[in-house]
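In: Need the 3D shape of this:
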Amino acid sequence: MFTLIIANKEEKITSVSVDNIYKLNGRVPLAKAIPFGLQHVLAMFVSNLAPVLIVCSAAVLRGGGEHLSSTEITRLLQCAMFVAGIGTCLQLYPVWKIGSKLPIVMGVSFTFLGSLLMICTNPALGYEGMVGAVILGGIFEGLVGLCCRYWKRFLTPVVSACVVIAIGLSLLSVGMNSWGGGNGSETFGAWYHLLIGLFTLIVCLVSRYLLKGVYKNLNILVGLVAGYAVSAVFTVAGIAPLIDFSGISRTIGEVGIFSLPKIVFFTSHKPVFDIGAFFTIAIVFLVSAAETTGATTAVCTGTLDRDIKTEELQGSLAVDGFSSTISGCFGCLPLTSFSQNVGLVTMTGIINRFTILMGAFILILASLFPPLGAFFNSLPQSVLGGCTVMMFGSIMYEGIKMLKDCEFDDRTMIIVSLSFCIGVGLTQTSGNFFAAFPSAVGDIFNGNAVAGVFVVSLLLSLFLPKEKAEKAE
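Out: You can find the predicted model right below:
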């Protein structure tokens, strides 16, 4: 029975049917595929653009110390949508060995934030030095991914489970920050943010149980639409300033209705390749690879009920790296697999590649028509938070399911206990635990639980003796 279920999910299908939505291959009618694809886009849209806005607003131009103009930043936001769509297409439908053929959505990563800010705010390197480091770092991770058959054996089941749980844990604060109105918002915790987030969550839950058939898995989209509609009423009626509609007109004024993304080599900010900047970011690409490994494993175990294959991990990491290089060529930040969408896939069970391809096309379309992207970007943070809190929790749930398949002995107990105590504990210390080390070390481990959990669990898995501990008499 188990083998039959797996075969049914992954069999080659040529027909067009709505039932294919729960199968990896096959076509789904466009009328059904587009809303499910749109659901994936809305789940990750704001998080895809936020790192670009943070980094590029702080970046200085090399030598002169000047900042990027608002028009240039708007164009980079456009490029972020474009490269996320291209990276997702590569994951779904590989080119050579680059791609996993799994329902994975790519997007701009928060993981690199600290290292990128360190590079781009240094006048000797600036924005141009950061772009050069992203291009080189992406090639580095891509090559590491293509060689994964030589090191995959070190990623034992307990290491993979710890990483997936850590990804879920690290996202919990993201969901709650969004619910409160967005991290750093002046109105964070205002009553209207909490009310809208709660309303959106209730709509998602009610839709999940009231809608029938495949439509119940559109509950996130239903919640997003309902939350946006109520937010629009609150804004227009002057009850609460939840939506900034001026962003759409401002985008039209700055870049127009239609605009093609620009390759950075044909602009005045050509990349500068600096070996020091590369080494600063290379270790973070390895952390990103660990996150992508965990996310890809969660997709396989959570939706296909099997372990990840070597060629899938190889393709997934290759896209993670080489799509980051493509992103750098457009002057943008590195990409990685989006855990938000992994949570959506595992929660709904919708794994059809064609359906998620529609989401990638919507991202590319939004990049070509900037006002469309500005409209998606106007989605209130509290609405997004109400929709995503359960999705993020579902990733942690998948990690716990993976952990229960491991042998529960002294060795497993030590690996899990120490990896979470150290990895998660580092993110909760009151000061800089690594103050005596170069700042890059603190940037990697103090703010990223996944990095610490991965490193500690991997080292313990490699060096702890595998003999079973003798039971006490």
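In: Surely residue 47 and residue 105 touch.
Out: No. Under the criterion of Cβ atoms under 8 Å, residue 47 makes no contact with residue 105, lying 10.9 Å away. Backbone N, C-alpha and C define where each C-beta goes, glycine included.
In: Which one's more surrounded, those two?
Out: Neighbours around residue 47 and residue 105, counted as other Cβ atoms under 10 Å, are more numerous at residue 105. The numbers are 29 against 21.
In: Give me the common contacts of residue 47 and residue 105.
Out: Here residue 47 and residue 105 share the contacting residues 338, 340, scored by Cβ atoms under 8 Å, 6 or more residues apart in numbering.
In: which ones are touching the nearest residue to residue 248 once chain neighbours are set aside?
Out: Spatial nearest neighbour of residue 248, chain neighbours left out: residue 374 (4.6 Å); criterion: Cβ to Cβ, 6 or more residues apart in numbering. Contact criterion Cβ under 8 Å, 6+ apart gives 247, 248, 250, 251 as the residues in contact with residue 374.
In: pLDDT (mean, whole number) over stretch 236-247?
Out: Along stretch 236-247, the predicted local confidence has a mean pLDDT of 89.
In: in that stretch, what counts as buried?
Out: Going by neighbour count (16 or more other Cβ atoms under 10 Å), the buried part of stretch 236-247 is 240, 242, 243, 247.
In: Can you pull out the residues in contact with that stretch?
Out: The set of residues external to stretch 236-247 that reach it, using Cβ under 8 Å, 6+ apart, is 187, 190, 192-193, 196, 228, 231-235, 374, 377-378, 380, 382.
In: Just the buried ones from those residues?
Out: Among the contacts of stretch 236-247, those classed as buried by neighbour count (16+ other Cβ under 10 Å) are 190, 192-193, 196, 228, 231, 234-235, 374, 377-378, 380, 382.
In: among those, which one has the lowest pLDDT?
Out: Lowest model confidence among these falls on residue 377, which carries 80.
In: mind checking how far the helix or strand that contains residue 390 is from the chain centre?
Out: Secondary-structure assignment from DSSP states H and E places residue 390 in helix 381-404. Relative to the chain's own centre, helix 381-404 is displaced by 13 Å; criterion: Cα atoms, centre = their mean, to the nearest Å.
In: what do you get for stretch 312-332?
Out: Using Cα atoms, centre = their mean, the offset of stretch 312-332 from its chain centre is 13 Å.
In: Show me what the helix or strand residue 117 falls within is packed against.
Out: With secondary structure defined by DSSP H and E, residue 117 is part of helix 113-120. Helix 113-120 makes packing contacts with helix 30-58, helix 126-146, helix 275-303, helix 439-445 when contacts are defined by 3 or more Cβ pairs under 8 Å, 6 or more residues apart in numbering; DSSP states H and E.
In: The last one: which residues count as buried?
Out: Within helix 439-445, the residues that count as buried by 16+ other Cβ under 10 Å are 440, 442, 443, 444, 445.
In: same deal with the second one?
Out: For helix 126-146, the buried set under the neighbour-count rule, 16+ other Cβ under 10 Å, comprises 126-142, 144-146.
In: how near is residue 186 to residue 146?
Out: Taken as Cβ to Cβ, to the nearest Å, the spacing of residue 186 relative to residue 146 amounts to 46 Å.
In: hang on, I meant residue 33
Out: When residue 33 is compared with residue 146 (using Cβ to Cβ), they lie 31 Å apart.
In: Please apply the same query to residue 434.
Out: Remark: distance between residue 434 and residue 146 (Cβ to Cβ) = 32 Å.
In: Report the central residue of the chain.
Out: Most central residue of the chain, judged by C-alpha distance to the mean C-alpha position with Cα atoms, centre = their mean, is residue 338 at 2.0 Å.
In: pLDDT score assigned to the residue lying closest to it once chain neighbours are set aside?
Out: Once flanking residues are discounted, residue 338 sits nearest to residue 107: 4.2 Å by Cβ to Cβ, 6+ apart. Looking at residue 107, its pLDDT reads 93.
In: Confirm that residue 107 sits in a strand.
Out: Yes. Secondary structure of residue 107 (DSSP: H, G, I helix; E, B strand; the rest coil): part of a strand.
In: Tell me, how many residues neighbour it?
Out: Each residue near residue 107 was counted by other Cβ under 10 Å, and the total is 29.
In: cool, and residue 18?
Out: Here the count is done by other Cβ under 10 Å, and residue 18 has 15 residues near it.
In: any idea how far residue 403 is from it?
Out: For residue 18, the distance to residue 403 (Cβ to Cβ) stands at 35 Å.
In: In contact with residue 138, which residues?
Out: Residue 138 neighbours (Cβ under 8 Å, 6+ apart): 285, 321, 322, 323, 324, 325, 326, 327, 328, 334.
In: show me what contacts the closest residue to the first one other than its chain neighbours?
Out: Excluding its sequence neighbours, the residue lying closest to residue 285 (Cβ to Cβ, 6+ apart) is residue 141, at 4.1 Å. The neighbourhood of residue 141, defined by Cβ under 8 Å, 6+ apart, consists of 285, 286, 288, 289, 317, 320, 321, 324.
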